[in-house]
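>>> Pasted the sequence and its predicted model underneath.
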Amino acid sequence: MTTSTGVPPPVETSLHRGTNWWGAFVIGLAGTILVTGIVPFAVASMGAAAIPAVALVVGIGMILCLAMGELAALWPERTGGMPSFAAESFKPLGPTASRHIGGLCGWSYWLGWFPVAPINMILTAGYVAILFKVPLGRSLLPLGSVGSPVPVTVMIISLVGLAILYVPCYLGIRLGATFATILGVVSMVPLTLLVLLPVFKPSSFHWSNISGFHYLDAKTSGVTFFMAWVFVISWNAVAMEAAACYIGECRDPARDAKIALTAEGAYGVFIYVATAMVFVGVLGASLKSSDPLTLYTDFATHIFGSGGYVQYLIGIPLIFALLLSVLNAIMGVGRSLFQASEDHMLPKWFSHKNRHHVPDRAMGFNVVCSMLVVFFGSPVRIYIFSNVGYLIAVVAALVGYFFVRQSQPELVSPFRLPGWFRWVALTCGAFLTYVYFVGGWNAPKLVVGPKETHFLFVFGFLIVAFYVPLYLWRKYSDQRGTPVETPPDRMTIPSGVTAMEPAMEFEGLEG
């Protein structure tokens, strides 16, 4: 067993340690719940070919969760998940390089995660209008040809919903975890049972629909089309890593990191692959609508039969699932901005905490930006420019994990993966880099529509580049001698590995 030597220093954290692995897991379910938003779009466009695409990406998501579990246990004082670990991972390159990598990843991660809130509020508003027969009103086109028409009712529900969900985020991690538990149980239990229903009615499931993983339309097959969809799916199917954002607020981070992230990854692999398989196996040639609610309802109707109650049986859990994702999009990435600010890479304004020990300004910033993105209207359009930022953070996290294990073998985490795992992480990072440029560049035309230009992809780069003026603003502020807001209530806990204490090896293998 690998051991550490010496007496470890105390570990400080700026945020309140008010939850445990369950809190990190249920709030992190917001990433797993994104299955409800992407799988219907993917199977309706790709057919059975969506199954290997989803399985490939969600497998990388599992690898990412395990790697982040090890780093979260190694650096329990860091909050905000992947970007904050990237800042530590690249320290052998020097303090300037590591801080800029962390700062850029923090800003890119923000671009990747905050749009989850407007996307899911748009879907939620649409479902509420359908289920409760609320008139949609006339449609507006606030952003012209860049966006899609947005009904007035959808816009109002989305904006009001974002403001309401900011309240539990503002009131602290404990209330946020409680709220997430309620939303998670009410949504994921029925949606999980739903994908298991074909087991109890085998006649509804047809393996011939899956055999050969054929495309829905042979004209759209090919490597480029496949990679374009892998790019879009990767915005959703690796998002289980969101649980890492809250390890810094767990009471026993060394223990909680490995439980929360392993459970998150394993459940994510199951629910993504199972959902894609049962949709294709049950619906087959009926895969015509890319609207998630319609596709879920069609699926349930094939099993239960037609009935007015089916739409509510599906729609209400879907609404709760989407609201949980909105909650995490406000909370989790707010902590990433907070950590980047504490590292002096983003304006100190983001490091402000309220009396409930949470980064209220960073979360409020997410809400305001989410309200603006609502005007884009189309979830798929938002997926593309958002993922331009998100995959930067994902690739940096995977390569950073390799860099830690390769160049700093003396760092021993309480949750230790086998040594060869670092090469798996590096391979995944290289593959996602290929997907980033090949799939991302072609995604607007092949996924959104043939009339689309590359504007959405370029627009994502422009937002990522905005990190430069934000950093210069922070540097100018620090040079003026303005004191940095240091929280007065820093908490100290023992680190996860004590002197000569064996590290917990994954499957008992030496790292």
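The structure has been received and is ready for your questions. None of these values were measured; they are calculated from a predicted model.

>>> Would you mind listing the outside residues contacting stretch 211-221?
Applying Cβ atoms under 8 Å, 6 or more residues apart in numbering, the contact partners of stretch 211-221 are Ala44, Ser45, Met46, Gly47, Ala48, Ala49, Ile51, Pro52, Phe225, Leu287, Leu446. C-betas here are computed from N, CA, C, even on glycine.

>>> Dump the residues you listed to CSV, plus secondary structure, distance to Val269 and neighbour count.
As requested, the contacts of stretch 211-221 are exported to CSV (DSSP: H, G, I helix; E, B strand; the rest coil; distance: Cβ to Cβ, whole Å; neighbours: other Cβ atoms under 10 Å):
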residue, secondary structure, distance to Val269, neighbour count
Ala44, helix, 22, 20
Ser45, helix, 22, 22
Met46, helix, 19, 28
Gly47, strand, 21, 23
Ala48, coil, 19, 23
Ala49, coil, 19, 22
Ile51, helix, 13, 23
Pro52, helix, 14, 15
Phe225, helix, 24, 21
Leu287, coil, 22, 23
Leu446, helix, 26, 22
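
>>> Output the residues you listed in JSON lines; the columns should cover distance to Cys250 and pLDDT.
Converted to JSON lines, the contacts of stretch 211-221 look like this (distance: Cβ to Cβ, whole Å; pLDDT from 0 to 100):
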{"residue": "Ala44", "distance to Cys250": "39", "pLDDT": "83"}
{"residue": "Ser45", "distance to Cys250": "39", "pLDDT": "84"}
{"residue": "Met46", "distance to Cys250": "38", "pLDDT": "87"}
{"residue": "Gly47", "distance to Cys250": "42", "pLDDT": "86"}
{"residue": "Ala48", "distance to Cys250": "40", "pLDDT": "89"}
{"residue": "Ala49", "distance to Cys250": "40", "pLDDT": "90"}
{"residue": "Ile51", "distance to Cys250": "35", "pLDDT": "93"}
{"residue": "Pro52", "distance to Cys250": "35", "pLDDT": "94"}
{"residue": "Phe225", "distance to Cys250": "42", "pLDDT": "90"}
{"residue": "Leu287", "distance to Cys250": "41", "pLDDT": "71"}
{"residue": "Leu446", "distance to Cys250": "41", "pLDDT": "84"}
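
>>> Closest one of those to Leu411?
Leu411 has its nearest neighbour among the contacts of stretch 211-221 in Pro52, at 35.9 Å by Cβ to Cβ.

>>> Please give me every residue in contact with that closest one.
Contacts of Pro52 (Cβ under 8 Å, 6+ apart): Phe213.

>>> Relative to His357, how far out is it?
44 Å (Cβ to Cβ, to the nearest Å).

>>> How about Gly69?
Separation of Gly69 from His357 (Cβ to Cβ) stands at 24 Å.

>>> Neighbour count: these two, which is higher?
Taking other Cβ atoms under 10 Å, Gly69 and His357 do not tie; Gly69 has more neighbours (28 against 19).

>>> so which helix or strand takes in the spatially closest residue to that one that is not a sequence neighbour?
Spatial nearest neighbour of Gly69, chain neighbours left out: Leu261 (3.6 Å); criterion: Cβ to Cβ, 6 or more residues apart in numbering. Take DSSP states H and E as the rule and Leu261 turns out to sit in helix 253-283.

>>> Which positions in that helix come out as buried?
253-265, 267-269, 271-283 (16 or more other Cβ atoms under 10 Å).

>>> what do you get for stretch 295-306?
In stretch 295-306, counting by 16+ other Cβ under 10 Å, buried: Leu295, Tyr296, Thr297, Asp298, Phe299, Ala300, Thr301, His302, Ile303.

>>> Of the residues you listed, which pair is most distant in space?
Pairwise distances across the buried residues of stretch 295-306 peak at 13.4 Å for Leu295 and Ile303 (criterion: Cβ to Cβ).

>>> which non-adjacent residue is nearest Gly172?
Gly172 sits nearest to His356 (Cβ to Cβ, 6+ apart), 3.7 Å away.

>>> brain fart, Gly112
Tyr390 (2.4 Å).

>>> Relative to Asp217, how far out is the one you found?
Here Tyr390 is placed at a distance of 28 Å from Asp217 (Cβ to Cβ).

>>> Same check on Ala55?
Computed as Cβ to Cβ, the Ala55 to Asp217 distance reads 21 Å.

>>> Equivalent analysis for Arg355, please.
Arg355 sits 56 Å away from Asp217, going by Cβ to Cβ.

>>> Any idea which residue is closest to the centre of this protein?
Note on the chain: the residue nearest the mean C-alpha position is Ala239, at 3.0 Å, using Cα atoms, centre = their mean.
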